[in-house]
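1. when you get a sec, could you give me coordinates for this:
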Amino acid sequence: MRKPKKLENDIIQSRRAEVLTLHAKGLTQKEIAEQLKVTTPTINKDLSALKEQAHERIKTFVEDIIPQEHQKTVAGIEAIIKEAWEIARTADEQSVALAALKVAHECYTTKLNVISDATVLDRAREEKLALQKKIAELQNPKPKSAGPVKAVV
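-> Numbers count the residues shown, from 1 in each chain. All right, here's what the predicted structure looks like:
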């Protein structure tokens, strides 16, 4: 009697996860087969399937995820630039206007890096979050203290 298809697939996926772990630890196909009590051709087939899955994941990442994240990052930076210029334009204090222009300048630099080198995407995303935080601080300034005024540059 054959196992139901779902159960069989679950067993295969579970075994492949174990094969991958053991292979990552440096075991040979023969050693993995002995440890899992299956044949070496089964391990060979599992490793081929895992390699194909990895290729598909990388392909999806390169063709779909990276371009989408790149586009979102650039759009986010452009939104921050727009907001920074608006803050600079409407600021009552010169120090706030200068701080907003500094944020805009940082955004232009980040945008150039993102556009010219997509491998900086992770760093750009972090920088975008930091710039968004600076914008939020400019939009919601803390009340002035009675002490001396320092220009933010």
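2. three-state assignment of Leu27?
-> With DSSP: H, G, I helix; E, B strand; the rest coil as the basis, Leu27 sits in coil.
3. that one: how many residues sit nearby?
-> Neighbourhood size, Leu27 [other CB atoms under 10 Å]: 16. C-beta coordinates here come from the backbone N, C-alpha and C atoms, glycine included.
4. so where does the nearest residue to it once chain neighbours are set aside fall, helix or strand?
-> In space, and not counting its chain neighbours, Leu27 is closest to Gln35: 7.2 Å by CB to CB, 6 or more residues apart in numbering. Element membership of Gln35 [criterion: DSSP states H and E] is helix 29-36.
5. ok, now Ser48?
-> In the assignment (DSSP H and E), Ser48 maps to helix 40-60.
6. what does the helix or strand following that helix contact?
-> Scanning forward in sequence from helix 40-60, with DSSP H and E defining helices and strands, the next element found is helix 66-90. Here helix 66-90 makes contact (CB atoms under 8 Å, 6 or more residues apart in numbering) with 96-98, 100-101, 103-104, 107-108, 110-111, 114-115, 118, 121, 124-125, 128, 131-132, 135, 138-139.
7. before we move on, the earlier item: just name whatever secondary elements the helix holding Ser48 is in contact with.
-> Using 3 or more CB pairs under 8 Å, 6 or more residues apart in numbering; DSSP states H and E as the contact criterion, the elements in contact with helix 40-60 are helix 5-24, helix 29-36.
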